[in-house]
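Enquirer: Build the 3D model from these lines:
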Amino acid sequence: MSRPVIAIAGLACETSMFTPARTRAPAFHPRRATEIIDEYPFIQPGTPLGDAADWRGALIGHALPGGIVVRESFEELAGEIITRLTDIVAATPLDGLWFDIHGAMCVEGIDDVEAELLRRIRAVIGSEVLVSASMDLHGNVSRDLAHLTDLITCYRMAPHEDEAETKERACRNLVDLIAQRGDGVHRPFKAWIPLPILLPGEQTSTRVEPAKSLYELVPKVESLPGIIDAAIWVGYAWADEPRNRAAVVVTGTCEEVVAAGAERLARRFWKVHADFHFVGPTGSFAECIDAAVKSPARPFFISDSGDNPTAGGSGDVTWGLTQLLARPEFQQESGPTVIYASLPGPQAVQTMVAAGIGATVTVTAGAEVDSTHGGPLTMTGRVHAIRHGDKDAVIEAVLQVGSVFAILTQLRKPYHHEHDFTDLNLDLRAADIVIVKIGYLEPELFDMAADWLLALTPGGVDQDLERLGHRRICRPMWPFDKEFPVLPDLGARMIPPYDSSL
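Expert: Have a look, this model is predicted:
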């Protein structure tokens with residue numbers, strides 16, 4: 001018996017609608033054909049999944065979170081996906097498609113763009129091809145997206161330590177379903193339940209309650225006979241579309257069990273919706289720095305959360321670094337050692353490269369994209385380090401101003417790993433204070449921190465959702481609304497299989 005043919009396509013970009021930044025096609029770093037197979041070890045030849053199907057890459061693109069995707073760029077990438085899928089379908093009958101997405105992408109002039117992209121894909125591959133989607137739990141699942149897929153799953157951990165596991169699960173479920181379909185198995189039943197909850201990721205980390213227990217229930221529901229997959233989406237809080245809210249989707253072969261499983265998860269989520277709080281202690285930026293200076297804990301980490309580039313912030317808001325450098329205790333080299341990551345400044349970086357390590361320079365950086373919370377920042381300091389070739393930053397340079405070591409970049413970059421700093425001759429473990437544009441700390445930083453505070457700073461991914469100005473989300477919505485005159489409907493909506501003839 002010949003192996004099933006499965007195509008791979010998708011675009012992913014977590015998109016803040018509250019930053020003036022824009023995302024263009026090159027930011028997606030598109031991969032095509034066999035480049036996609038090379039990206040994922042679990043579908044490579046010689047692995048169980050790799051040998052179970054004939055995987056055909058169309059195009060995938062994963063952009064660093066950022067601002068709204070320019071319409072022309074989306075049309076360029078989506079058009080190439082359609083062209084490549086058309087060629088695949090013309091060459092061989094297609095059995096399945098893995099839809100590799102994030103779920104929180106926003107494009108100029110299009111609502112619910114992942115559903116729109118899959119609608120275009122369905123026009124090429126038809127309604128009989130089985131589609132399995134893998135997503136971030138901070139994505140959004142509209143009714144249309146649930147309808148257009150046959151299987152849909154998401155991460156169960158935040159931070160997302162199970163990203164590869166989730167994508168492999170989506171592919172394994174798809175391969176299994178294709179095999180069972182040959183035995184006459186019906187297409188899966190799908191239960192979808194939207195919930196009027198919209199929370200930032202920093203309040204829904206699965207390290208702590210109530211998300212910890214809520215997500216521990218997911219595999220218990222999934223293990224029930226008649227269920228293929230169970231998933232809970234927190235939704236994406238920094239966009240403003242009607243689909244932005246939490247959701248539960250359960251798929252399986254027994255309609256009654258699928259519906260009951262979805263309702264069990266939705267009821268638990270709603271029961272604890274008011275119990276979500278920030279994953280760690282919070283404060284204003286000044287309060288966090290005051291606490292770090294007074295604390296004996298070293299290194300003391302502070303999250304400059306409002307401009308977090310991995311949540312969709314522009315990364316070039318100068319507000320945090322401006323406040324830091326204004327503090328008198330850091331204005332002498334003998335002050336507490338502070339590492340700050342990071343601030344884009346292409347011209348500043350070029351000046352530092354030209355001057356060389358050890359030189360004293362005056363440079364200006366930041367606010368080229370987002371000047372809402374402060375203009376460009378001018379600094380005089382010593383060039384501490386320079387590094388070329390980073391895949392995101394391209395060039396990085398460290399400027400020592402007093403006792404502050406500020407990382408400046410040609411292009412914005414997230415700083416999640418210890419090597420991101422040691423590559424720049426910065427020793428996190430020997431620092432007094434480390435300030436990173438991030439929300440909850442990623443695993444390496446979390447394990448290293450002797451103490452940590454989440455600073456509630458301004459920016460495109462401001463943790464204070466209510467001051468951002470959402471206008472199009474469905475109301476009432478927690479936490480924007482504290483009173484619900486009518487309790488939400490937590491009953492399962494059974495979503496029919498996609499049929500192009502309807």
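Enquirer: The strand or helix carrying Ala406: partners in the sheet, and parallel or antiparallel?
Expert: Per DSSP states H and E, Ala406 falls inside strand 404-409. If you go by DSSP bridges, strand 404-409 pairs up with strand 338-344 (parallel), strand 394-401 (antiparallel).
Enquirer: Is it possible to get TSV of these that adds mean neighbour count?
Expert: For every residue, glycine as well, the C-beta is placed using N, CA and C. Below are the strands paired with strand 404-409 laid out as TSV (neighbours: other C-beta atoms under 10 Å):
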stretch	mean neighbour count
strand 338-344	26
strand 394-401	22
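Enquirer: sorry, back to before: pull out the buried residues from the strand holding Ala406.
Expert: Under the neighbour-count criterion of 16 or more other C-beta atoms under 10 Å, strand 404-409 has Val404, Phe405, Ala406, Ile407, Leu408, Thr409 buried.
Enquirer: wait, which of those residues is closest to Phe446?
Expert: Nearest to Phe446 among the buried residues of strand 404-409: Ile407, at 19.5 Å, using C-beta to C-beta.
Enquirer: Return the per-residue confidence for the closest residue in space to the closest one that isn't next to it in sequence.
Expert: Here the nearest residue to Ile407 in space, its sequence neighbours aside, is Ser342; by C-beta to C-beta, 6 or more residues apart in numbering that works out to 4.0 Å. Per-residue pLDDT puts Ser342 at 98.
Enquirer: For the chain, which residues score under the pLDDT cut-off?
Expert: 1, 182-185, 501-502 (pLDDT under 70).
Enquirer: what about the helices in this protein?
Expert: 34-39, 48-52, 71-91, 113-125, 143-148, 163-181, 211-222, 255-271, 285-294, 319-325, 346-355, 418-422, 443-448 (DSSP state H).
Enquirer: Dump those to JSON lines, plus distance to Arg493.
Expert: Output for these, formatted as JSON lines (distance: least, C-beta to C-beta, whole Å):
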{"stretch": "helix 34-39", "distance to Arg493": "33"}
{"stretch": "helix 48-52", "distance to Arg493": "31"}
{"stretch": "helix 71-91", "distance to Arg493": "28"}
{"stretch": "helix 113-125", "distance to Arg493": "16"}
{"stretch": "helix 143-148", "distance to Arg493": "7"}
{"stretch": "helix 163-181", "distance to Arg493": "21"}
{"stretch": "helix 211-222", "distance to Arg493": "17"}
{"stretch": "helix 255-271", "distance to Arg493": "9"}
{"stretch": "helix 285-294", "distance to Arg493": "43"}
{"stretch": "helix 319-325", "distance to Arg493": "43"}
{"stretch": "helix 346-355", "distance to Arg493": "49"}
{"stretch": "helix 418-422", "distance to Arg493": "44"}
{"stretch": "helix 443-448", "distance to Arg493": "36"}
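Enquirer: related to what we said a few turns ago, which residues does the residue nearest to Ile407 contact?
Expert: Ser342 makes contact with Gly315, Ala393, Glu396, Ala406, Ile407, Leu408, Thr409, Arg412, Lys413, Tyr415, Lys437, according to C-beta atoms under 8 Å, 6 or more residues apart in numbering.
Enquirer: No further queries at this time; thank you.
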